[in-house]
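**Student:** Here's a sequence, model it:
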Amino acid sequence: MSFEKAKSITFALVYLTDALKKKKKKLSAKELASEINKHGSGVIDGGKISAILRGWHLPPQEMDDLHEALQKLIEARKLGLDLSDIPPGLAAQYELPAIFRNNVPHGLQGEVIGDLASNMAGGWSFYYVSPIDRAGEIASEVRSTAAYIYPTTPDARSMDIRMVSTRGIWNGNLFTTGPHLYVVLNDIAKNDVRKTETIFFIVNRPHSKRPFIAGIGTALIRSTNLSVPPVFGFLFFGEKHIPTGTSKRDKSADPLIKKFFESSPPDEADLGKIRSEACLSFSWEEFEQNRPRLAAYIKTLEVNGAALGKEVPGLHLRWP
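**Tutor:** Predicted coordinates:
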């Protein structure tokens, strides 16, 4: 039983007690158990549900059966939720046991988020300079992705993030240590056999007057025809979407971005539109023409003691 599956089961129980409430009253553990047993092969009772909601786990097979039954119940009630892909925005609306609330997988631990809770939350355009082109040849190009960082509280130690690229959908977390930030992402696209991991190390903290970030990224490519998959490093930078809402309550810079990243499952038409409009490739000249404010900021950076120019250095490490 993985940590993430146990977390999704616990979330589903909390979510369903609210979603299936009768006459504005949440279901009791006993009532929820009755609903679950209509869709599962195992037998769950209110006592076991109460134990799970306090952070306890059942034996692995029972948890697997419960996970399957919960998904069937969700589908039967047409709630439109996939337990393997719970939107962070929805998850944040429900309080889980303390074991799940830190949201720090794999033992990673950051400092408290603080003012980043407001400065980082929202839609972003992330860019990176790839040292290889789409054909795998050594030729740098600027590529863009659409990202959404989900709101959290200032005392949290991480922020959830989801990113869409031309070929993948990525889930991950943002952490802070001292003046620096770092983002860990995994490609979760079910039909993407490449399965890559990416880490961004960010050297500056954005604020309202300068909504830019910059740093270094590294990526591991798992599946290739090489005996040892290549790793490449690249310059990374980003720009936060500026809110265009007409009122103070409307903080969305792009309604489509907000709608897509807070939907489960995400709409395929919305995904296609985001990829066609926000996941692009540029030459350096095209990037300067299309993103002049961010390009001007990038020119203030130094690489190896020299001002950053068109010849952006990159690293592509491979073992034959």
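
**Student:** Need the pLDDT of the residue lying closest to Gly217 once chain neighbours are set aside.
**Tutor:** In this structure, Gly217 finds its nearest non-sequential neighbour in Phe236, 4.0 Å apart by CB to CB, 6 or more residues apart in numbering. To be clear about C-beta, it is placed using only N, CA and C from the backbone, and glycine gets the same treatment. On the pLDDT scale, Phe236 is placed at 82.

**Student:** Helix or strand: which one has Phe236?
**Tutor:** In this assignment (DSSP states H and E), Phe236 forms part of strand 228-240.

**Student:** re earlier: which residues sit in contact with the residue nearest to Gly217?
**Tutor:** Phe126, Tyr127, Tyr128, Phe200, Phe201, Ile202, Ala214, Gly215, Ile216, Gly217 (CB atoms under 8 Å, 6 or more residues apart in numbering).

**Student:** Can you tell me which of the residues you listed comes closest to His39?
**Tutor:** Distance to His39 across the contacts of Phe236 (CB to CB) is lowest for Phe126, with 39.9 Å.

**Student:** partner strands of the strand or helix carrying that closest one, parallel or antiparallel?
**Tutor:** Using DSSP H and E, Phe126 sits within strand 122-132. Using DSSP bridges, strand 122-132 pairs in its sheet with strand 138-149 (antiparallel), strand 228-240 (antiparallel).

**Student:** Reformat these as TSV; add distance to Asp64.
**Tutor:** Conversion of the strands paired with strand 122-132 to TSV gives the following (distance: least, CB to CB, whole Å):
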stretch	distance to Asp64
strand 138-149	31
strand 228-240	31
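
**Student:** Which stretch among those is buried most, on average?
**Tutor:** strand 138-149 (a mean of 20; mean count of other CB atoms under 10 Å).

**Student:** Next, name the residue at the spatial heart of this structure.
**Tutor:** By CA atoms, centre = their mean, the chain has its centre lying nearest to Arg162, at 2.3 Å.

**Student:** Can you name the next helix or strand after the one helix or strand it maps to?
**Tutor:** Using DSSP H and E, the element containing Arg162 is strand 159-164. Under the assignment DSSP H and E, the closest C-terminal helix or strand after strand 159-164 is strand 169-177.

**Student:** Centre of the chain to that next one, how far?
**Tutor:** The chain centre lies 6 Å from the centre of strand 169-177; the measure is CA atoms, centre = their mean, to the nearest Å.

**Student:** how about that strand: buried residues?
**Tutor:** Buried positions in strand 169-177, judged by neighbour count with 16 or more other CB atoms under 10 Å: Ile169, Trp170, Asn171, Gly172, Asn173, Leu174, Phe175, Thr176.

**Student:** What of stretch 83-98?
**Tutor:** Across stretch 83-98, burial judged by 16+ other CB under 10 Å covers Leu83, Ile86, Pro87, Pro88, Gly89, Ala91, Leu96.

**Student:** Show me which pair in those residues is furthest apart.
**Tutor:** Among these, Leu83 and Gly89 lie farthest apart (CB to CB), at 15.7 Å.

**Student:** returning to that earlier point: state the distance from the residue nearest to the centre of the chain to Ala121.
**Tutor:** Plainly put, Arg162 is 13 Å away from Ala121 if you go by CB to CB, to the nearest Å.

**Student:** hang on, the earlier thing: which members of the contacts of Phe236 are positioned in strands?
**Tutor:** In this view, the contacts of Phe236 that belong to strands under DSSP state E are Phe126, Tyr127, Tyr128, Phe200, Phe201, Ile202, Ala214, Gly215, Ile216, Gly217.

**Student:** quick one on the thing from earlier: can you list the buried residues of stretch 83-98 in a markdown table and add distance to Lys209?
**Tutor:** A markdown table is the format used below for the buried residues of stretch 83-98 (distance: CB to CB, whole Å):
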| residue | distance to Lys209 |
| --- | --- |
| Leu83 | 41 |
| Ile86 | 35 |
| Pro87 | 30 |
| Pro88 | 27 |
| Gly89 | 27 |
| Ala91 | 32 |
| Leu96 | 36 |
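
**Student:** Can you tell me, leaving aside adjacent residues, what's nearest to Asn173?
**Tutor:** Using CB to CB, 6+ apart and skipping residues adjacent in sequence, the residue nearest Asn173 is Ser158, 4.5 Å away.

**Student:** Looks like that neighbour contacts Leu181 (just checking).
**Tutor:** No - under the criterion of CB atoms under 8 Å, Ser158 is not in contact with Leu181, lying 10.7 Å apart.

**Student:** which residues are common contacts for the two?
**Tutor:** The contact lists of Ser158 and Leu181 share Leu174, Phe175, where a contact means CB under 8 Å, 6+ apart.

**Student:** Which one of the strands paired with strand 122-132 has the poorest average confidence?
**Tutor:** Checking each of these, the one with the poorest mean pLDDT is strand 228-240, at a mean of 75.

**Student:** what's the next secondary structure element after that strand?
**Tutor:** helix 255-261.

**Student:** now that next one, how far from the centre of its chain.
**Tutor:** The answer for helix 255-261 is 14 Å, by CA atoms, centre = their mean.
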